[in-house]
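Colleague: what shape does this take:
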Amino acid sequence: QVASLQPLLVAKPAVNSIERALEGGGDLHLEANRQPNGWTNVTCTGGDGRTVWRDMVPEVAVAVAGSEAFGAVGCENGCLYLFSRAGRRLLPGLMLDSKIAWLEAKGRYLLALTTDGGGRVWDAEGLKEECSFSLASVLRSG
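Modeller: Here you go, the predicted structure:
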């Protein structure tokens, strides 16, 4: 029997703009805007509309998340970028096993779920992966 190549979780389609309030971050928002050249402008803004920081990533963003401690951008090709409160890249881009389906931030932790049913949790302040897991068997059975 041939294994299905269908994703277990559906990735969000690439859109021109994604915006999300940062969890616990007061009035901060993280926004990713797709550019015609395939790059993404990433901007963190305050409630008054002022730019706190800005960067660019060389992929198309499909998810953003963040907290008072950090911001994260997940890209169409499975690459994940972590940013400090000041907009400095905390690590080089992290390449995950498949496309990113969902990002969620809480305090210093980031959860990333991928379309193959994989999950990883990072400590963004300690700059280390806390755990990885698979939901594939649960998703296939249901």
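
Colleague: neighbours of the nearest residue to Asn77 once chain neighbours are set aside, how many?
Modeller: Of all residues not flanking Asn77 in the chain, Glu59 sits nearest, at 5.4 Å (CB to CB, 6 or more residues apart in numbering). No exception for glycine: its C-beta is placed from N, CA and C like everyone else's. Residues near Glu59, counting by other CB atoms under 10 Å, number 20.

Colleague: give me the pLDDT for Glu59.
Modeller: Note on Glu59: pLDDT of 93.

Colleague: residue contacts, it?
Modeller: Neighbour list for Glu59: Gly38, Trp39, Thr40, Cys75, Glu76, Asn77, Cys79, Gly93 [criterion: CB atoms under 8 Å, 6 or more residues apart in numbering].

Colleague: in strands, which of the residues you listed fall?
Modeller: Among these, the ones falling in strands (DSSP state E) are Thr40, Cys75, Cys79.

Colleague: leaving out chain neighbours, which residue sits closest to the last one?
Modeller: In this structure, Cys79 finds its nearest non-sequential neighbour in Gly93, 4.5 Å apart by CB to CB, 6+ apart.

Colleague: which parts of the protein are helices?
Modeller: 136-141 (DSSP state H).

Colleague: low-confidence ranges, it, go.
Modeller: 1-15, 25, 139, 141-142 (pLDDT under 70).

Colleague: do that again at 50, thanks
Modeller: Applying pLDDT under 50 to the chain flags the ranges 1-5.

Colleague: which residue ranges of this protein form strands?
Modeller: Under DSSP E, the chain gives strands at 17-21, 29-34, 40-45, 51-57, 61-66, 70-75, 79-84, 94-95, 100-106, 109-114, 118-123, 128-134.

Colleague: for Arg140, find the nearest of these.
Modeller: strand 128-134 (10.4 Å; CB to CB).

Colleague: list the helices and strands that closest one packs on?
Modeller: strand 118-123 (3 or more CB pairs under 8 Å, 6 or more residues apart in numbering; DSSP states H and E).
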